[in-house]
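Participant: next comes the sequence, and after it the predicted model I'd like to discuss.
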Amino acid sequence: MTAQKGILADPGREWIIYDVGGSRTVRRAWVPYFENITAIIFLAPISCFDERLLEDSNVNRLEDSVSIWRAICSTKLLSKTTMICFLNKCDILKRKLDSGIRFKTYVPIFGERENSAGVVVKFLRNRFKDIHTKHSPEKRNAYIYATTVTDTTTTAATLTNVRDSVLQEYLRRADVM
Ligand SMILES: Nc1nc2c(ncn2[C@@H]2O[C@H](COP(=O)(O)OP(=O)(O)OP(=O)(O)O)[C@@H](O)[C@H]2O)c(=O)[nH]1
């Protein structure tokens, strides 16, 4: 795990940003170390729907992201943490779908829906949201964004929304307590 101090769309206020990539085992192992953190931004690379993990060729990469998201959402230590999910690499997803690769070949429950980026993103947004609702130990909101983080202009706008969502959630909880 690498840690980096940074400013997240909020001059004057520091955030500690942790990058917790790595192998499948490492990705799951960090969860208990994040008790009491304010928010998690989970990046799910949704363009990987037709790829398999390097470390385990039996596992689809999108399904791996779904299962880690489920594990994070259901972790009791993180029950007060605001969950933010970036459905990332939308540009690569669009390129793949436009080239004729069928999403339903890899995700059969997608069924006969239209094979377009908009429809796939909507489907995945609902899937990630449903998992969050079903598995959260306590009632809370999830903030799910479709992103292409290499597009720095739209990502700056998304991060401003994220900051506002985190603040609103923080204030809402302070009010409730
Ligand atoms: N086109 C595109 N490239 C991206 C996007 N997000 C990250 N990348 C690139 O993808 C490469 C891998 O970066 P990450 O995805 O952050 O790294 P990672 O988590 O170790 O790798 P993955 O498991 O492949 O996601 C880098 O070259 C990034 O610049 C995106 O939304 N669109």
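Facilitator: Received it, and whenever you're ready, just let me know what you need. Numbering: from 1, shown residues only.
Participant: CA atoms for contacts and neighbours, from now on please.
Facilitator: Will do.
Participant: mind listing the helices for the chain?
Facilitator: In the chain, the segments counted as helices under DSSP state H are 24-29, 61-73, 90-98, 103-106, 117-135, 152-176.
Participant: off-centre distance for the third one?
Facilitator: Relative to its parent chain, helix 90-98 has a centroid offset of 18 Å by CA atoms, centre = their mean, to the nearest Å.
Participant: one more: the shortest one?
Facilitator: Its chain's C-alpha centre and that of helix 103-106 lie 20 Å apart, by CA atoms, centre = their mean.
Participant: so who does the spatially most central residue of the chain touch?
Facilitator: Among the residues of the chain, the smallest C-alpha distance to the mean C-alpha position (CA atoms, centre = their mean) belongs to C85, namely 2.8 Å. The neighbours of C85, taking CA atoms under 8 Å, 6 or more residues apart in numbering as the test, are 41-44, 142-145.
Participant: make CSV from those residues and add distance to the ligand and neighbour count to it.
Facilitator: As requested, those are exported to CSV (distance: CA to the nearest ligand atom, whole Å; neighbours: other CA atoms under 10 Å):
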residue, distance to the ligand, neighbour count
I41, 13, 15
F42, 11, 18
L43, 8, 18
A44, 8, 23
A142, 20, 18
Y143, 17, 18
I144, 15, 19
Y145, 12, 17
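Participant: distance of the residue nearest to the centre of the chain from the ligand?
Facilitator: Counting by CA to the nearest ligand atom, to the nearest Å, the gap from C85 to the ligand is 13 Å.
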